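1. Fold the following.
(chains A and B)
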Amino acid sequence: MIPELGHFALALGVALGFAQAIVPLWGAHRGDARLMQAAPALALGQFLAVGISFVCLAWSSVVSDFSVLNIAENSNSLEPLIYKITGTWGNHEGSILFWCLILTMCGAAVAAFGAGLPSSLRARVIGVLGLAGVGFQLFALLESDPFVRLWPPPVDGRDMNPLLQDPGLAMHPPILYTGYVGFAVPFAFAIAALLEGRIDAAWGRWVRPWTLAAWCFLTGGIALGSWWAYYELGWGGFWFWDPVENASLLPWLTGTALLHSALVVEKREALKVWTVLLAIGTFSFSLSGTFLVRSGILNSVHAFANDPARGVFILALLGLVIGGSLLLFALRAPVLSATGIFAPVSREGALVLNNILLCSIAAVVATGTMYPLFADLLLGEKLSVGAPFFNATVFPLAVPLFAAMAVGPMLSWKRADLGAALTKLWWAALIAAAIGLFMATRAALLPTLAFACAAWIILGAAADLGERVRLFRVPLSASGRRLLGLSRGTLGTTIAHAGLGVTIAGIAAASLAHSSIVLLHPGQVAHVGGYDFQLTDLHDRSGPNYAARVAVIDVRHDGRLLTVLAPERRTFPVQQITTTEAKISTNGLRDLYAVLGEERDGGAVLRLHVNWLAPWIWFGALIMAAGGLVSLADRRLRVGAPARRRARTVPA
Amino acid sequence: MIRLALAFTLFLLAAPAFAISDPNEALPDPKQEARAVAIGEQLRCLVCQNESIEDSGADLARDLRHIVRQQVAAGKTDQQVIDWLVARYGNFVRLRPPFEASTLLLWGSPVLALAGGAAIVLLARRRQGESPPPLSDAERKRLRRLLDT
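-> Residues are numbered from 1 along each chain as shown, chains lettered A, B, ... in the order given. Now for the predicted structure:
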């Protein structure tokens, strides 16, 4: 009964979506206020319908209703409750439904918070979101129905993939998906602007908070995914330039560019056409990231949907969304006139440089990811493009970006004095160079450069902040007052930039890591990177739906016991899969990391790492996302159009 | 994420716990071992998804690791080892594709992207930079009148 209810609610969502797409768009076209006003109610209705559908699926999973095919294949009665809930989105059908849910949530958010928008713009944005929603809900309904029944039901389900049974990974998809799908809102704003034929500073101000919110989630989602790879896979690596990872990096790169170019639209009414194109491009990358991999075209091994019908449906949908919006762009973009003029050396100029470099990196990553397919189809050559290629091509583009990052926020709008900005940064440059020289004797060229860049960015952010509060030039209390008076947007920029610096330092330090693979018998000691790892015990332990083998390792430094690590190997009987559970002890500056491998001759094979600054990679991403949130709290973004509203309340 | 997860799942399905499960695999000389690792990271495990032979736990990867170490121990240069494998498995084995006609677009992509970006900026500036036509005599007179008053 419950699954049928969910199925019906999904169908209802599609029907409401059609109405949400047609009624407001038609109303905006005709200038009919009543039709336009229907938009928010329809968007909320669609969110409710798809929400009920999703809750029904989650409920079926929680009560282990194995008469539903999806649940029988991806759940098990012994699973802990949390994984029964998160398992709802841990499979193809459920994740598509979840994707639809977030898209309708975006529509509902625009309906709820968009009261300050002009009615025709709001109607068009919600209409475009409805149109996109219909496409993907139809896909869920027709090609990947999560509510298909199974008769007779099996006694127990086939269990969720053990690798996904992890708290980090339970949180990863909702955050990442919200990031991916969140870029649908700037996309809808861009399409609406093309339909309206008008973009102004107000448009830039409306589109920025949505972009910022999506960007924060995407940053968090990517970081969480990479953190999971680090601690769950037990290789000590965190980024593998795998097509799947690249697919999530692409919208992040163009989304970051969008964030910066929308700023120019807001402040200076320049780069309008470019910003619209970026908004379309970012959502297109998000869509391809989620779906191209599944269509079976890019890397069939990663695909959930090897079913050709599904692949064709997805590709047709992608073609329709991306091709349609680009066609509209080609037809309507010339209507948008550019205004604000600026000198090459100015804040705008720096933001243009940021856009060129970020988009170039995105282009290289996209080319590298798609090239094996391209070479195979068009040239008949089998090629591989892996980490060595990306490291060699992305870094040279990233260095100028990092170098410009510290200077950009110090330049003034319209026309700036580069020399004056650089004079304020001399001490940052000096320290960064000193750190580079210090590292040069210890690391290879690339990590050395990366360390210098990291220091430059962090110190540059500090210098910018110090400059704004006039630190040491006015009394400290006055500086404090200035700090409180800074706009949250400025503060957010500084925090996010510093966060990137922290992440770069963490990545650069990967080259300083020590690792070793050793066969130890209980009592024996291994020396890795100045630390002594002593295996003290090997024993068995049983978990709720797995059996584990545990190694107990004492870690000492200069004879002092620092920590006890207990890595595990878990065997899940239902799926016959063994996973490694790495154990990590961190003090913020270095990770002690141990993985248990096979056992032989009464001893255990252990992989032991000492990873310097490793936590900084994710800590930096957290700072970046926090910077985005601070910026999101800026008054100008919260209050839609303050000037207009206040004008109305002030008596004449 | 699911894709991410699945990708790794598939790696793991193909592989036991982690790549190098035998400590004896490594060469006794740490310098040679470091070189072997550096070479191995450039080589693809042919039966896996985009994984280097150093990361992969597949049997083939183990065999290739063994070959690389044998050749390094025999005193061959990095290039000789890679050439030996390319001669047998083709360019597919290289994670860093060679620079040749068929990869021109790939290796050229950073330069092309930058050039494209610069071209767009220059075009936009030229279109915008067209200075307005000089003032006519009537306009100049009017301007003088406005400034004088």
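2. For the rest of this, base every contact and every neighbour count on C-alpha atoms.
-> OK.
3. what's the nearest residue to the residue nearest the centre of chain B if we skip its chain neighbours?
-> Per C-alpha atoms, centre = their mean, the C-alpha nearest to the average position across chain B is that of B:R96, at 6.7 Å. Computed as C-alpha to C-alpha, 6 or more residues apart in numbering or on different chains, the closest residue to B:R96 that is not its neighbour in sequence is A:F389, at 4.9 Å.
4. contacting residues for the one you found?
-> Listed by C-alpha atoms under 8 Å, 6 or more residues apart in numbering or on different chains, the contact set of A:F389 reads A:G368, B:L95, B:R96, B:P97.
5. Ok, A:L613 next?
-> For A:L613, the contact set (C-alpha under 8 Å, 6+ apart) comprises A:A505, A:G506, A:A509, A:A510, A:G588, A:L589, A:R590, A:D591.
6. Kindly indicate the member of the contacts of A:F389 with the most neighbours.
-> Neighbour counts for the contacts of A:F389, by other C-alpha atoms under 10 Å in any protein chain shown, peak at A:G368, which reaches 26 neighbours.
7. Check the contact between it and A:N391; I expect there is one.
-> No: the criterion here is C-alpha atoms under 8 Å, and A:G368 misses it with A:N391 at 11.2 Å.
8. Could you pull up phi and psi at the residue nearest to the centre of chain B?
-> Note on B:R96: its backbone torsions stand at phi -110, psi 100 [degrees, to the nearest 10].
9. Now name the helix or strand holding A:L383.
-> Taking DSSP states H and E as the definition, one finds A:L383 inside no helix or strand.
10. returning to that earlier point: extract the C-alpha trace of the helix or strand harbouring the residue nearest to B:R96 and format it as PDB.
-> Using DSSP H and E, A:F389 sits within helix A:387-407. Output in PDB follows, covering the C-alpha atoms of helix A:387-407 (Å, rounded to 0.1, in the frame of the first residue of the first chain):
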ATOM      1  CA  ALA A 387      46.800  11.200 -12.900                       C
ATOM      2  CA  PRO A 388      50.200  12.000 -14.400                       C
ATOM      3  CA  PHE A 389      48.500  13.900 -17.300                       C
ATOM      4  CA  PHE A 390      46.200  15.900 -15.000                       C
ATOM      5  CA  ASN A 391      49.000  16.700 -12.600                       C
ATOM      6  CA  ALA A 392      51.200  17.900 -15.500                       C
ATOM      7  CA  THR A 393      48.600  20.100 -17.100                       C
ATOM      8  CA  VAL A 394      46.400  21.400 -14.300                       C
ATOM      9  CA  PHE A 395      49.100  22.700 -12.100                       C
ATOM     10  CA  PRO A 396      50.700  25.100 -14.500                       C
ATOM     11  CA  LEU A 397      47.200  26.700 -15.000                       C
ATOM     12  CA  ALA A 398      46.600  26.700 -11.200                       C
ATOM     13  CA  VAL A 399      49.800  28.500 -10.200                       C
ATOM     14  CA  PRO A 400      48.900  31.900 -12.000                       C
ATOM     15  CA  LEU A 401      45.400  31.500 -10.500                       C
ATOM     16  CA  PHE A 402      46.900  31.100  -7.000                       C
ATOM     17  CA  ALA A 403      49.300  34.000  -7.600                       C
ATOM     18  CA  ALA A 404      46.500  36.300  -8.700                       C
ATOM     19  CA  MET A 405      44.100  35.200  -5.900                       C
ATOM     20  CA  ALA A 406      45.900  37.200  -3.200                       C
ATOM     21  CA  VAL A 407      46.200  40.400  -5.300                       C
END
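11. For that helix, what does the pLDDT average out to?
-> The average pLDDT for helix A:387-407 rounds to 93.
12. what separates the longest helix belonging to chain A from the chain centre, distance-wise?
-> Scanning chain A for the helix with the most residues, using DSSP state H, yields helix A:201-232. Mean C-alpha position of helix A:201-232 versus that of the full chain (C-alpha atoms, centre = their mean, to the nearest Å) differs by 5 Å.
13. Measure how the helix or strand that it is followed by sits relative to helix A:201-232, angle-wise.
-> On the C-terminal side of helix A:201-232, the nearest following helix or strand under DSSP H and E is helix A:243-268. For helix A:243-268 against helix A:201-232, the angle by axes from the mean of the first three to the mean of the last three C-alpha atoms, to 10 degrees is 150 degrees.
14. elements contacting helix A:243-268?
-> For helix A:243-268, the elements it packs on are helix A:201-232, helix A:272-295, helix A:347-374, helix B:2-14, judged by 3 or more C-alpha pairs under 8 Å, 6 or more residues apart in numbering or on different chains; DSSP states H and E.
15. Which other helices and strands does the second one contact?
-> Judged by 3+ C-alpha pairs under 8 Å, 6+ apart, the packing partners of helix A:272-295 are helix A:167-182, helix A:184-196, helix A:243-268, helix A:308-332.
16. If we use 6 Å, what do you get?
-> Counting contacts by 3 or more C-alpha pairs under 6 Å, 6 or more residues apart in numbering or on different chains; DSSP states H and E, helix A:272-295 packs against helix A:184-196, helix A:243-268.
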